[in-house]
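*Asks:* Take this sequence and fold it.
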Amino acid sequence: MTETQNTGGVAKIAVIADENDMRLDRWFKEHYPDVTFGMLQKLLRKGHIRLDGKRAKSNTRIATDQIVRVPPLNLETRIYAKKPEGELSQDDIYYMQNMVMHIDDDIIVLNKPSGLAVQGGSNTNRHIDGMLSALKYDLTEKPKLVHRLDKDTSGILIIARTRVAAQKLTKAFQTKTTEKYYWAVVKSVPKLREGKINMPLLKQGRKGHEKVIAAPTGENASEDAKSAITLFATVSSVPALASFMVLRPITGRTHQLRVHMAEMGNVIIGDGKYGGTDAHIGGEISRKLHLHARHIKIPHPSTGEIFEITAPIESHMKNTFHSLGFDEEAGDLVMERFENR
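*Replies:* Presented below is the predicted three-dimensional model:
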């Protein structure tokens with residue numbers, strides 16, 4: 001970064017070319033990692049942080065040569081800065097590196113386990129974002145998140161190794177040039193074997209305790225509702241008990257697949273948040289969420305060619321497949337049908 005002025009502890013920093021179109025909160029995370037998201041929001045609300053002399057929001061996109069005004073954070077440690085995090089343990093490093101399915105100069109692909117959060121939040125101290133330094137390998141730059149999975153969803157999580165790769169991957173996710181395929185085991189048997197769900201969604205509740213609902217329509221429609229589209233196909237079923245499904249989200253809303261399945265009357269097994277006690281079928285079937293990010297196709301940030309990868313399912317889903325007689329190869333064949341549409 002280029003510091004153009006530092007007066008009375010206030011820094012004015014010019015945005016460099018590699019940071020063009022980066023969100024302001026991500027820029028802060030790069031340059032001031034000890035400032036938490038909540039602290040950043042407070043600084044922005046009070047106008048202590050400015051962009052070209054004007055107030056800004058955390059999601060503001062910055063541009064080359066713009067000037068970011070940063071208040072004297074080091075002089076106000078008790079208010080704005082958190083204590084430096086300790087170094088990762090060898091167990092954490094091994095844990096993270098053991099998830100890696102693919103690594104090259106630009107990206108790392110993890111097979112994230114169910115139960116591990118991608119980012120921190122209320123009562124969440126251990127998460128992938130806090131352990132990314134374990135994946136530096138031969139680089140000095142810490143890898144960067146470019147998308148998320150729910151804490152209880154397992155499967156493919158792509159990490160960018162450089163800032164330039166992060167920009168390109170983030171754009172690929174935002175512009176829908178990425179194809180994502182999920183496997184789910186749901187309650188009962190869907191009325192339609194395959195189809196499309198076009199159901200806008202709405203977030204409710206305070207931060208850290210949000211719940212997503214199907215957005216009301218007509219007179220009760222909300223301006224905050226977001227478009228949400230999911231393609232689905234049933235691979236196989238055990239009548240009146242459960243079904244193995246392939247889901248392809250066209251949009252990427254929070255809890256989209258979970259809410260769409262619940263609203264369709266086929267809650268994902270293990271999803272107590274949206275299905276309550278009905279989300280569990282008992283017996284030897286695990287109470288864990290049965291939702292797995294199985295396959296992804298995305299333009300590679302270096303070559304632009306389509307990169308694709310498949311993640312093996314976790315043991316609890318393997319056990320369910322075995323108990324209910326579901327065939328993984330059949331699921332992959334259904335995914336191929338989606339791809340050829």
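*Asks:* would you list every one of the helices in the chain?
*Replies:* Counting by DSSP state H, one finds helices in the chain at the ranges 24-31, 37-45, 77-80, 90-97, 163-174, 256-263, 272-275, 315-324, 328-339.
*Asks:* what's the most buried one of the ones you listed?
*Replies:* Most buried of these by mean neighbour count (mean count of other CB atoms under 10 Å) is helix 256-263; its value is a mean of 24. Backbone N, C-alpha and C define where each C-beta goes, glycine included.
*Asks:* Show residues contacting it.
*Replies:* 150, 182, 184, 186, 197, 199, 201, 212-214, 228, 230, 232, 245, 247, 249, 267-268, 271, 273-275, 291 (CB atoms under 8 Å, 6 or more residues apart in numbering).
*Asks:* can you check stretch 39-51 too?
*Replies:* Contacts for stretch 39-51 (CB under 8 Å, 6+ apart): 24-25, 28, 35, 55-58, 60, 62, 66-71, 79-82.
*Asks:* do that again at 6 Å, thanks
*Replies:* Here stretch 39-51 makes contact (CB atoms under 6 Å, 6 or more residues apart in numbering) with 28, 55, 66, 68, 69, 71, 80.
*Asks:* Same check on stretch 304-314?
*Replies:* Stretch 304-314 is contacted from outside by 102, 109, 111, 114, 154, 155, 156, 292, 295, 297, 298, 300, using CB under 6 Å, 6+ apart.
*Asks:* Among the helices of the chain, show the one with the smallest mean pLDDT.
*Replies:* In terms of mean pLDDT, the lowest-scoring of the helices of the chain is helix 77-80 (a mean of 37).
*Asks:* Pull the number of nearby residues for residue 230.
*Replies:* 22 (other CB atoms under 10 Å).
*Asks:* bridging residues for it?
*Replies:* residue 197, residue 249 (DSSP bridges).
*Asks:* just checking, it touches residue 251?
*Replies:* No: Residue 230 is not in contact with residue 251 according to CB atoms under 6 Å; the separation is 8.0 Å.
*Asks:* For residue 297, which residues are in contact?
*Replies:* Per CB under 6 Å, 6+ apart, neighbours of residue 297: 179, 306, 308.
*Asks:* The second one - how many residues pack around it?
*Replies:* Neighbours of residue 306 under the rule other CB under 10 Å: 12.
*Asks:* next one: the first one
*Replies:* A count of neighbours around residue 179, defined by other CB under 10 Å, yields 17.
*Asks:* where does the residue positioned nearest the centre of the chain sit relative to residue 181, distance-wise?
*Replies:* Nearest residue to the geometric centre of the chain (CA atoms, centre = their mean): residue 148, 0.7 Å. Distance of residue 148 to residue 181, given as CB to CB, to the nearest Å: 17 Å.
*Asks:* likewise residue 209?
*Replies:* 30 Å.
*Asks:* These two: who's more crowded?
*Replies:* Applying other CB under 10 Å to residue 209 and residue 181 shows that residue 181 carries more neighbours, namely 26 against 9.
*Asks:* With adjacent residues omitted, what lies nearest to the more buried one?
*Replies:* Using CB to CB, 6 or more residues apart in numbering and skipping residues adjacent in sequence, the residue nearest residue 181 is residue 295, 4.2 Å away.
*Asks:* do the same with residue 163
*Replies:* Residue 163 sits nearest to residue 18 (CB to CB, 6+ apart), 5.2 Å away.
*Asks:* Could you list the low-pLDDT ranges of this protein?
*Replies:* Across the chain, the ranges flagged by pLDDT under 70 are 1-9, 74-86, 122, 207-208, 340-341.
*Asks:* I'd say the residue nearest to the centre of the chain and residue 117 touch.
*Replies:* No: counting by CB under 6 Å, residue 148 does not reach residue 117; the two are 9.3 Å apart.
*Asks:* Contacts only, for residue 185.
*Replies:* Shown in contact with residue 185 (CB under 6 Å, 6+ apart): 242, 244, 269, 290, 320.
*Asks:* State the distance from it to residue 12.
*Replies:* For residue 185, the distance to residue 12 - CB to CB - is 54 Å.
*Asks:* same check, this time on residue 67
*Replies:* 5 Å.
*Asks:* Which of the residues in stretch 55-65 are classified as buried?
*Replies:* Within stretch 55-65, the residues that count as buried by 16 or more other CB atoms under 10 Å are 56, 58, 60, 62.
*Asks:* Can you add distance to residue 257 and give those residues back as CSV?
*Replies:* Output for these, formatted as CSV (distance: CB to CB, whole Å):
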residue, distance to residue 257
56, 33
58, 26
60, 30
62, 32
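*Asks:* quick one: which of the residues you listed is nearest residue 88?
*Replies:* The shortest approach to residue 88 among the buried residues of stretch 55-65 belongs to residue 58, at 26.7 Å (CB to CB).
*Asks:* Just give me the neighbour total for residue 177.
*Replies:* With other CB under 10 Å as criterion, residue 177 counts 12.
*Asks:* Excluding covalently adjacent residues, which one is nearest to it?
*Replies:* Distances taken as CB to CB, 6+ apart put residue 299 closest to residue 177, at 5.8 Å, once the chain neighbours are dropped.
*Asks:* again, but for residue 235
*Replies:* Per CB to CB, 6+ apart, closest to residue 235 is residue 244, 4.4 Å.
*Asks:* In contact with the one you found: list those residues for me.
*Replies:* Counted by CB under 6 Å, 6+ apart, residue 244 has contacts 185, 235, 236, 326.
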